[in-house]
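Asks: What would the 3D arrangement of this be:
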Amino acid sequence: MDKLEKVIGLAVSILLITTLFSGCIDSGDDEILNIYHAGSLSVPFEELEKKFEEEYDGIDVRREPDGSVATVRKVTDQDRKPDVVGVADHSLIPDMMYEKDKANWTVRFARNRMVLAYTDFSSHKNEIGKENWYTVLDGEDVTYGFSDPNEDPCGYRSQMVILLAEDHHDEHIYDDLIGDHTDIKKEGYNITVPEDLGVRSNEITVRSKETDLLGILESGNIDYLFIYQSVAEQHDLDFVKLPEQIDLSSVEYADTYGKVTLTRHTGERSVGKPIVYGITISKTVQNKDAAVKFIRFLLDETGQEVMSRNGQPPIDPPKADNRQKMPNDLKDMVEEDQGGGK
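Replies: Just a heads-up that it's a prediction; the model follows:
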C-alpha cells in the first residue's frame with residue numbers, strides 16, 4: 001500500500017504541476033492589444049473593449065488613457081510602443097506623429113462639443129445660461145476648472161472657447177477669466193501658454209486632463225468645468241450648452257473657429273476647428289492584426305452605436321487622410337478626406 005500510495009501521490013503531483021503550467025501557458029497565449037487614447041474616450045472604449053474581447057476571444061485589450069497631447073508624446077518623445085492611438089483632436093496625429101515617422105494615416109471618426117458642466121453644489125446654478133455664463137464665472141467666490149492646455153485638447157479648446165466668446169459677447173472676457181489670473185496670455189486671436197501656467201487665483205483649478213477634474217467638480221470643490229458634452233452626459237452632469245459660434249461643434253462655423261490659434265510651451269501650435277476625434281495604428285505596432293480588427297470594430301455598426309450612445313456622434317462614413325497607406329482591410333471602411341478634416 002505504501003508503494004501504491006507513493007505512485008498515486010506522484011501521479012497527482014505531476015497532474016497538478018501540469019495543470020498549473022498549462023494554465024500559465026493559456027493565460028499567456030492571449031494576444032495583447034495596447035491602445036493609448038484620450039481621456040474623453042475612456043467610457044466608450046471601455047464598453048468597446050468588453051464587446052471586442054467577447055467577439056475576439058484570445059485578444060487582451062489594454063488601454064492607457066491620458067490627455068491627447070501627452071498620449072502622442074508617449075510615442076514621439078518617450079519611444080513607447082502602442083498598437084493603436086486615439087486622440088480627441090485628429091490633427092495631433094499628422095502634426096506630431098507623422099513628423100517623427102510614428103504614423104502615416106489618420107481616420108476621423110467622431111465629433112463632440114464644449115460645454116460648461118456643473119452640479120447641484122454649484123453657485124448660481126439656477127441663474128447661469130448660454131448668454132451670461134461668463135459673467136457668472138467672473139462673479140465673486142465662483143470657481144471653475146479646465147485641463148492643462150499644454151497636455152490636453154480639452155484644455156486648449158477651453159481657452160479657444162473663452163477667446164471666441166469675446167466676439168460673441170464681450171471683448172474683455174478672456175482677461176477677466178484667464179489673463180488676469182494666470183500667465184496664459186492672448187494677443188488678438190493668438191493665445192500663448194507657458195510651461196508653468198502661473199495660476200495665481202483660488203478661483204481656477206487645472207489638471208492634466210479633463211477627466212481628472214470630474215471628482216473635483218462632483219465633490220463641490222469647484223462650481224463649473226469646461227468639458228466635452230459627451231463626458232458631462234456620461235457622468236450625469238448638468239451643463240450649459242454654449243452658442244455654436246464658440247463651442248467648436250459646427251462645420252458651419254469652422255472659419256470663425258479658425259481665427260483662434262494657441263501655441264503651447266513646446267512651440268506646437270493648434271488652430272481652432274470643429275472637434276473631431278482621430279485614430280491610427282502606430283508604426284510601433286506590435287500586433288497589427290488585432291489593431292486592424294479593433295479599428296474595424298470601432299468603425300462598424302457596433303462601434304458607431306457605442307460612440308453615438310455615449311454622446312460622441314460618429315462621422316458617417318469615417319474620413320481618412322492618406323487612405324492609400326492604410327491596411328487593406330480598413331480601406332473599405334473609410335472615405336478619403338477632401339475637406340481638411342472639417
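Asks: In stretch 236-245, which residues are buried?
Replies: Buried residues in stretch 236-245, counted by 16 or more other CB atoms under 10 Å: 237, 239-240, 242-245. Backbone N, C-alpha and C define where each C-beta goes, glycine included.
Asks: mind listing which of those residues are in strands?
Replies: Counting by DSSP state E, the buried residues of stretch 236-245 place 239-240 in strands.
Asks: Now the two most distant members of the buried residues of stretch 236-245.
Replies: Within these, two members stand farthest from each other by CB to CB: L237 and Q245, at 23.0 Å.
Asks: Adding pLDDT and distance to T211 as columns, could you present the buried residues of stretch 236-245 in JSON lines?
Replies: As requested, these are exported to JSON lines (pLDDT from 0 to 100; distance: CB to CB, whole Å):
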{"residue": "L237", "pLDDT": "98", "distance to T211": "12"}
{"residue": "F239", "pLDDT": "98", "distance to T211": "15"}
{"residue": "V240", "pLDDT": "98", "distance to T211": "19"}
{"residue": "L242", "pLDDT": "97", "distance to T211": "20"}
{"residue": "P243", "pLDDT": "97", "distance to T211": "25"}
{"residue": "E244", "pLDDT": "97", "distance to T211": "24"}
{"residue": "Q245", "pLDDT": "97", "distance to T211": "26"}
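Asks: any idea which of the buried residues of stretch 236-245 is closest to V193?
Replies: L242 (21.2 Å).
Asks: count of residues packed around H124?
Replies: By the criterion of other CB atoms under 10 Å, H124 has 17 neighbours.
Asks: Hmm, it is touching V136, no?
Replies: Yes - counting by CB atoms under 8 Å, H124 touches V136, with 4.9 Å between them.
Asks: so what sits against both of those two?
Replies: V142 (CB atoms under 8 Å, 6 or more residues apart in numbering).
Asks: So what does P317 have for phi and psi?
Replies: phi -80, psi 160 (degrees, to the nearest 10).
Asks: Distance check, it against Y277.
Replies: According to CB to CB, to the nearest Å, P317 and Y277 sit 15 Å apart.
Asks: Ok, G179 next?
Replies: Counting by CB to CB, the separation of G179 from Y277 is 30 Å.
Asks: what's the answer for V271, then?
Replies: According to CB to CB, V271 and Y277 sit 17 Å apart.
Asks: Between G179 and Y277, which has more neighbouring residues?
Replies: Per other CB under 10 Å, whichever of G179 and Y277 has more neighbours is Y277, with 28 against 17.
Asks: Excluding chain neighbours, what is closest to the more buried one?
Replies: Leaving out its chain neighbours, the residue that sits closest to Y277 by CB to CB, 6 or more residues apart in numbering is A110, at 4.3 Å.
Asks: do the same with Y36
Replies: Leaving aside its sequence neighbours, Y36 sits nearest to P82 (CB to CB, 6+ apart; 4.3 Å).
Asks: Same check on E335?
Replies: Nearest non-adjacent residue to E335, counting by CB to CB, 6+ apart: P317, 5.0 Å away.
Asks: Geometric centre of the protein: which residue is closest?
Replies: Per CA atoms, centre = their mean, the C-alpha nearest to the average position across the chain is that of A38, at 2.5 Å.
Asks: How about the backbone phi and psi for P153?
Replies: The phi/psi pair for P153 (degrees, to the nearest 10) reads phi -60, psi -40.
Asks: again with the one 3 residues further on
Replies: In terms of degrees, to the nearest 10, the main-chain angles of Y156 are phi -80, psi -30.
Asks: Could you report the neighbour count for it?
Replies: Y156 has 28 neighbouring residues, counting by other CB under 10 Å.
Asks: Now do the contacts for it.
Replies: Neighbour list for Y156: 149, 191, 193, 262, 264, 270 [criterion: CB under 8 Å, 6+ apart].
Asks: what's the closest non-adjacent residue to it?
Replies: Spatially, and ignoring its direct neighbours in sequence, Y156 is nearest to P149 (4.1 Å; CB to CB, 6+ apart).
Asks: Could you do I275 as well?
Replies: N112 (4.4 Å).
Asks: The residue lying closest to I35 once chain neighbours are set aside pairs with what?
Replies: Nearest-residue entry for I35: V84, 4.5 Å, with adjacent residues in sequence omitted and distances by CB to CB, 6+ apart. Going by DSSP bridges, V84 is paired in beta bridges with I35, I281.
Asks: got a list of contacts for the helix or strand where H37 lies?
Replies: In this assignment (DSSP states H and E), H37 forms part of strand 31-38. Residues outside strand 31-38 that contact it (CB under 8 Å, 6+ apart) are 45, 58-68, 71, 74-75, 80-88, 153, 209, 277, 286-287, 290-291, 294.
Asks: can you rerun that using 6 Å?
Replies: Strand 31-38 has contacts (CB atoms under 6 Å, 6 or more residues apart in numbering) with 45, 59-65, 68, 71, 82-88, 287, 290.
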